[in-house]
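>>> Prediction below, plus the sequence it came from.
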Amino acid sequence: MTTVVQDVVRRRIALGLYGPGDRLPVESLATEFEVRVSSLAETLIPVEDQGLLATGADSELFVVNPADPAPAKLRSVEVVELIIRERLGDGTYCTGTWLPSTSDLAAELGVALSIARTALAPLKREQLIVAVQPLGTYVPDPDNPTAIPKRTKRQSATASPAH
């Protein structure tokens, strides 16, 4: 049964049924295979060791983004926050630009949406970024902190005005 579960999960990842950044539905898999959640998690360790899955901050399993060179096992709220801080510092996300959506950011970094949201919270409190519902999150201009940058359709941080 162990290899069957592993093979099914690998196949579903390969088919895109579980995409990068998705939380693995451990509870429904446990029901499907009639095993306990803890047993299922242990069964999936080889799949995680293979680099297809990673354990998040809350011991949840997530599908890894294969294009991401950094090991997703290291992704915690603190690491994601640090990555975003680095991007703010190096100009990847510069003044007057919109960050990728939280779901796009989570998928890019191979983490759960909840981890990405939690990582953004301290940056919002420090006013390094500003969230405007339903538009998204942008990097404010320190000289004009209330100015909301214009947003074009599907604008990303990399396609924003020059810094």
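Ah, there it is.
>>> Which strand residues bridge Asn144?
Asp141 (DSSP bridges).
>>> helices or strands up against the helix or strand harbouring Val79?
Using DSSP states H and E, Val79 maps to helix 77-90. Contacts defined by 3 or more Cβ pairs under 8 Å, 6 or more residues apart in numbering; DSSP states H and E place helix 77-90 against helix 102-109, helix 113-125. To be clear about C-beta, it is placed using only N, CA and C from the backbone, and glycine gets the same treatment.
>>> right, and the helix or strand after the helix or strand harbouring Leu40?
Here Leu40, judged by DSSP H and E, is contained in helix 37-43. Beyond helix 37-43 on the C-terminal side, the first helix or strand identified by DSSP H and E is helix 45-49.
>>> got the buried residues for that following helix?
Val47, Glu48 (16 or more other Cβ atoms under 10 Å).
>>> quick one: that helix to chain centroid distance?
Computed by Cα atoms, centre = their mean, to the nearest Å, the separation of helix 45-49 from the middle of its chain amounts to 19 Å.
>>> Against which helices or strands is it packed?
Right, helix 45-49 is packed against helix 2-14, strand 53-55 by 3+ Cβ pairs under 8 Å, 6+ apart.
>>> Pairing partners for the lowest-mean-pLDDT helix or strand in the chain, with directions?
Taking mean pLDDT, DSSP states H and E as the measure, strand 53-55 is the helix or strand of the chain with the lowest mean score, a mean of 82. Here strand 53-55 has these sheet partners by DSSP bridges: strand 61-63 (antiparallel).
>>> what does the average pLDDT come to for the strand it pairs with?
The pLDDT scores in strand 61-63 average 85.
>>> so how far is stretch 118-132 from its chain's centroid?
Offset of stretch 118-132 from its chain centre (Cα atoms, centre = their mean): 16 Å.
>>> Name the residues of it that come out as buried.
Applying 16+ other Cβ under 10 Å to stretch 118-132 flags Thr118, Ala119, Leu120, Leu123, Leu128, Ile129, Val130 as buried.
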